[in-house]
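S.K.: predicted coordinates and the sequence they were generated for:
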Amino acid sequence: MRYLPKSPVERHEMLAAIGAKSIDELFSSIPERYRLREALKLPGPLSEAEVIQYFKERAAENSGGYTSFLGAGVYNHLRSVVTDAILQRGEFLTSYTPYQAEISQGTLQAIFEFQTLMCQLTGQEVANASMYDGSTATTEAVLMAERLTGRRRVLVARSVHPEYRDVLKTYAKNSGLQVEEIGYAASGTLDTKALQAALKEDVAAVVVQSPNFFGVIEPVAALADIAHGPGAMLAVAVAEGVSLGAVRPPAEADIVAMEAQSFGLAPSYGGPFAGVIASRDKYVRQMPGRLAGQTTDAEGRRGFVLTLATREQHIRREKATSNICTNQALCALAATVHLTLLGKEGLREMAQQNISKAQFALAELLKVPGVRRAFDAPFFNEFTIKLPRSVKLVNTHLLREKIVGPFVLGTAYPELTKHALVCVTETTTRAEIERFAAALLRALEQPI
Amino acid sequence: MAYPKEYRYTKEHEWIDLKGGVATVGITDYAQHELGDVVFVELPKVGYKTTAGKSFGTVESVKAVSEIYSPAAGEVIEANTALQNTPEKINTDPHGAAWLIKIRIANPAEITGLMDAAAYEAYIADKSKEASA
Amino acid sequence: MDEKIKKAGRHTSQSEGLIFEKSSPGKRAFELPPLDVPAIDPARALGASHRREGVEGFPEVSEIEVLRHFTRLSTWNYAIDLGMYPLGSCTMKYNPRVNEFVARLDGIATEHPYQPQELSQGCLKILRLLEQCLLEITGMDAITLQPAAGAQGELTGLLLIRAYLENQGNPRKKVLIPDSAHGTNPATAVIAGYQVENIKSESHGQIDVEKLRELVTPDVAALMITNPSTLGIFEQRIPEIAEILHAKGALLYMDGANMNALTGVTRPGDLGVDVMHLNLHKTFSTPHGGGGPGAGPVAMKKILEPFRPVPILVEKEGGRLALEQVRPNSIGRVKAFAGNFGVLVRALAYILAYGPGVRQATEDAVLNANYIRKHLEGVYELPYSLPSMHEVVFSDAIQKKNGVNTMDIAKRLIDYGFHPYTTAFPLIVPGALMIEPTESESKEECDLFIDAMKAIAREAATNPELVKTAPHTTRVRRLDEVAAARKPVLRWKPSTKSNAAD
């Protein structure tokens, strides 16, 4: 087998050195009757060429040749080939968590730079080295608020990503957290009246997403004021990070939970991505996840170490701030390289292109008779339209025209079966947008 | 480092200086030595109600967290917040400047029943023997 | 330094500051295609109150500077691609490059999780084949690929147990965890709403079965066991342990972190395990990438199947595959979208390359560990003498007499060109040296490691100061972790620019 570096003679020599007659002797501590007598029934072995062939065949069964208007938490953005060239360096790809700082300075400094970039983007003071993804980061933000306030009620906007809310409910169920949902107003933003009615002095956190799941931007500063009134924290989830290149950051939030997928990570059918928690310095000891910190060595040279480790599971065990062990270091590195490549100007330009294209797309779609804009609050690169008929039916028609239609909001919001969430990024061309509008017109003209 | 004669000591390595119904509590030189360089201290707020044998805070080194247990029931009347910025004092002056909290004690007998300096020194001498065995 | 050991030599490495320190306004490393629609003023689209004028402090550098910056940083890391990485419990094996290649294919990396399922059959077939392979390897009945990593797998497993017991009327209160367990186990149990009760190991490092019999009360929901244990020893009485639990209505959870010792040789499902997680970034070769991403699928017996987290992969009529989002008894969703798909792709590529021959990998891993044990026994103290599987745990008791501890020995290994083993874990061995070579090391590399360990043992006896101040050959010496923790500096700020001379 090509991955195994031993010849039969070497195996024999090693067994002899151990003093074992056969390899089976080394497994003698497994009771005989539980040892497999037959080989596992697995496909393979496959040569490298056959492995590639298998996956190319599967790839061909997917969505090649279709134009997509899906976002809803996973965004298609331009990625430089430079990012992947760095990512595939074995020193990054095949190293472990940087516990041995002296021979992990590359990973540690990159994490430190990631933490800095995340602070700059979110307007927060401290950010961790990453966690699984946006959904689990949002949950961890809530658990952090619970620890900081000692309160157990959480108010979550219904306009937070439905799958993020699902994950929060799964974690909350057994930890005594009481999760309540707050609806949205006609503009698409959080219903502040409903929030104020539900907000009492037992609330740990108010959780919103911005831009929210309908694409509209929440008034974070105003919501922070409302939440802080009775001493609750405001946690803001950011699913589309590119928005932060043009939209005011959630600086007034107490905790920001971000999904970093938009920063150089491929959609990859939903993962792996990277979540981030950013917050204020004074809350750092209650933050989950790894942190890299700057220090010096015995000779005064600058260096980096994992720090404040006493928050973590391997030391605190059952009293840890979180059970998370892995972070998404390689994904965080991709985001670091990607954002460094984009730089200040590149990110700003990318964000502005998203705005321009989304505005153009909305205008084109509104020309189609019967199509209406659903919410009037400002949006970034996603917006909700209302169609005169079920989005599911329309999408079936669009598919015939090689278009993957917008996200069907009715799957998560029963009251919005005619509502569609359209996403347009810098990768969507004007021609594609125009083709979509034309196809939508034909779809709506079809007899039902 | 000498163990002050007027203090009382617990098996969890806290010292207590009881004066007029107020107990000043810290961790012993032995405890700071076992823990290593202290990097962070978490103390309760004034007004916090302590319970004998229950944790009221933590002292952390780089790789260990140590709970601090209250020697008696009572109410915290002062916490040494200066330690937040100078946790290293716990290493340099554990029996003096690095006191942790002052508690108004409900029942002083809970304190007077604890080990005196001689008993505590014998107790830790035993511990050291155990560790090297 | 024993100069006869040829593993490592010296070479220069480039100095490099923080990327922010190279920034100068107007430089850029990325250009977008021109905008093909009318440009809209963001202030008009967003409204003045939502508008942001660029990100303050963001780097402005050129493409060559970015490439050099990260390439230079990369040379400061050790990696499997450079040599043996014997971190116990972490299974640092070779990460085949074809896995990286296929995960990046158009049609794999490009797919959106919400695209119609008729346009996702390729992705779903990959998921189904991986499910089938992992079920065959574990001997279990059902599986979920959703969890993002081992710790999330553990949580998913405990939530399954909880849901099953709740369905029977009583979720119970406690989870038993051996003192040799990974730190994630107790942290996870608490998040699943259980109290943790520790069980001490008996004198050979195995679970104390008699003690267990006493501890399994009607309050106990499960025992979380690692097998082989963190001592690298197979729990010989595991079928009996399963029976004790089952007789009282409790379940057996197995932490599959050490599956590299068992794959193709025995199956947890056959041993009586009810639910377990796998670390695809350990046993199934997906790259650690400096600390993630991973994936932690959870395999289970039939009784737990109805409670699996959504989405659930199902086969519809005509062989079409679909993800079901709604299941009445499901524990819910543990992660958005369809698991860490890109990691799952790599794991399947690994399994396909081996096929049934994956047993050879297990055999070589166990052979390497025992070979190292044989040569280092006596040089280092072996606290538990039962047969080792894929890893071996020594202690620093001999070297401690000269004031040299496991961390010092580990740091000295760096000078000899190796990544350290796992230090100070498991907790039940004071001063532990936990060595897991994996199957990816040749006899030559194992011999070099043994020679280096012996050389360090000699140094510890003759020149302990040399070992205690190691490493001596790295870019930076031991770093001041105390200062880092007392006054945390967790991000760059413009004001720190002045002291960045290096």
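M.R.: Right, received. Where do you want to start?

S.K.: tell me where the model's unsure across the chain.
M.R.: Assuming you mean chain A. Applying pLDDT under 70 to chain A flags residues A:312-322, A:324-326, A:448.

S.K.: chain C is the one I meant
M.R.: Ranges of chain C meeting pLDDT under 70: C:495-502.

S.K.: where exactly do the strands run in it?
M.R.: C:142-144, C:174-178, C:195-199, C:220-226, C:251-255, C:275-277, C:298-300, C:312-315, C:321-324, C:392-395, C:422-423, C:432-435 (DSSP state E).

S.K.: okay, these, which one's buried deepest?
M.R.: strand C:298-300 (a mean of 30; mean count of other CB atoms under 10 Å in any protein chain shown). The C-beta positions use only the backbone N, C-alpha and C, and glycine is treated the same way.

S.K.: that strand near chain A anywhere?
M.R.: No - judged by CB under 8 Å from any CB of the partner chain, strand C:298-300 stays clear of chain A, getting no closer than 13.6 Å.

S.K.: which other residues reach that strand?
M.R.: C:134-135, C:138, C:140-144, C:146-147, C:153, C:156-157, C:160, C:268-269, C:274-278, C:308 (CB atoms under 8 Å, 6 or more residues apart in numbering or on different chains).

S.K.: mind listing what residue 63 touches?
M.R.: No chain in the question, so chain A it is. Residue A:63 neighbours (CB under 8 Å, 6+ apart): A:404, C:107, C:110, C:111, C:112, C:115, C:119, C:120.

S.K.: wait, I meant chain C there
M.R.: A:82, A:341, C:29, C:30.

S.K.: any chance of the residues you listed in TSV, with neighbour count and distance to chain B too?
M.R.: Converted to TSV, the contacts of residue C:63 look like this (neighbours: other CB atoms under 10 Å in any protein chain shown; distance: CB to the nearest CB, whole Å):
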residue	neighbour count	distance to chain B
A:82	20	37
A:341	25	35
C:29	22	37
C:30	23	40
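
S.K.: can you add distance to residue B:48 and give these back as JSON lines?
M.R.: Below are the contacts of residue C:63 laid out as JSON lines (distance: CB to CB, whole Å):
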{"residue": "A:82", "distance to residue B:48": "54"}
{"residue": "A:341", "distance to residue B:48": "51"}
{"residue": "C:29", "distance to residue B:48": "54"}
{"residue": "C:30", "distance to residue B:48": "54"}
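
S.K.: which ones among the residues you listed map onto helices?
M.R.: Counting by DSSP state H, the contacts of residue C:63 place A:82, A:341 in helices.

S.K.: now, the most widely separated pair of the contacts of residue C:63?
M.R.: Spanning the widest gap among the contacts of residue C:63 are A:82 and C:30, at 8.4 Å by CB to CB.

S.K.: show me which residues of chain B sit near chain A.
M.R.: Counting by CB under 8 Å from any CB, chain B sits next to chain A at B:40, B:42, B:60, B:61, B:62, B:63, B:64, B:65.

S.K.: residue in chain B nearest to chain C?
M.R.: residue B:39 (3.8 Å; CB to the nearest CB).

S.K.: that's a helix at that residue, yeah?
M.R.: No - read with DSSP: H, G, I helix; E, B strand; the rest coil, residue B:39 is strand and lies in no helix.

S.K.: near it, how many other residues are there?
M.R.: Counted with other CB atoms under 10 Å in any protein chain shown, residues neighbouring residue B:39 total 25.

S.K.: quick one, what contacts the nearest residue to it once chain neighbours are set aside?
M.R.: What sits nearest to residue B:39 in space, not counting adjacent residues and going by CB to CB, 6 or more residues apart in numbering or on different chains, is residue C:485, at 3.8 Å. Each residue near residue C:485 by CB under 8 Å, 6+ apart is listed here: A:293, A:307, A:308, B:39, B:40, B:60, B:62.

S.K.: coming back round to it: just the residues of chain B next to chain A: which are in strands?
M.R.: Per DSSP E, the subset of the residues of chain B next to chain A in strands is B:40, B:42, B:60, B:61, B:65.

S.K.: which residues does the third one contact?
M.R.: Applying CB under 8 Å, 6+ apart to residue B:60 gives the contacts A:310, B:38, B:39, B:40, B:41, B:42, B:66, C:485.

S.K.: again, but for the second one
M.R.: Listed by CB under 8 Å, 6+ apart, the contact partners of residue B:42 are A:285, B:57, B:58, B:59, B:60.
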